[in-house]
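Chemist: got a sequence here, can you model it:
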Amino acid sequence: MEYNRYNLKGNVAAKRDILKNLADLFEGNEYKSKLISNNMKEFATTISGLINKYNIRHNNLDSKNKNIILESMTKTELEKLYDNIYDLLLTAFMYANTLDLRKELDEKYLKSLSN
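Modeler: Predicted coordinates for the structure are as follows:
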């Protein structure tokens, strides 16, 4: 799965497919819950809202889940939004992984120094 905004320029469908996989990882694993439990609920909620309302995880062009903002967006605007959502997802993954790393480093290297 490779998201390269320049190589994929103009290919909104490919970007959406990659974002769908990343969105499933974000919401299906511990990433979202890790952010919420570490005072990042607003950030996690923003990401979830974007991936669930802008035709990534759900069809938001049909009448049941229709998003009128999405419906009025140009292809260029949607592509820019998808690039931004990609950046948010990467930031979320990095932050969640950093929490694990910090815990490991604290336990392995810092706690032994305080004894």
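Chemist: what helix or strand is the closest residue to residue 2 other than its chain neighbours on?
Modeler: Nearest residue to residue 2, sequence neighbours excluded (C-beta to C-beta, 6 or more residues apart in numbering): residue 18, at 7.5 Å. To be clear about C-beta, it is placed using only N, CA and C from the backbone, and glycine gets the same treatment. Remark: residue 18 resides in helix 12-28, with elements defined by DSSP states H and E.
Chemist: and the next helix or strand after that helix, how far out from the chain middle?
Modeler: Next along the chain after helix 12-28, taking DSSP H and E as the criterion, comes helix 31-36. Offset of helix 31-36 from its chain centre (C-alpha atoms, centre = their mean, to the nearest Å): 11 Å.
Chemist: ditto for stretch 75-88
Modeler: Chain-centre distance of stretch 75-88: 11 Å, with C-alpha atoms, centre = their mean.
Chemist: likewise stretch 23-34?
Modeler: The mean C-alpha position of stretch 23-34 is separated from the chain mean by 9 Å, C-alpha atoms, centre = their mean.
Chemist: what sits up against the helix holding residue 18?
Modeler: The contact list for helix 12-28, computed with C-beta atoms under 8 Å, 6 or more residues apart in numbering, reads 1-3, 5, 8, 31-32, 47-48, 51, 55-57, 75, 78-79, 82-83, 85-86, 89, 92-93.
Chemist: try stretch 91-101
Modeler: Contacts to stretch 91-101, defined as C-beta under 8 Å, 6+ apart, come from residues 25-26, 30-32, 34-35, 38, 40, 43-44, 47.
Chemist: quick check: which element contains the residue most central in space within the chain?
Modeler: By C-alpha atoms, centre = their mean, the mean C-alpha position of the chain lies nearest to residue 89, the distance being 2.6 Å. Assigned by DSSP H and E, residue 89 falls within helix 75-105.
Chemist: sounds good, over and out.
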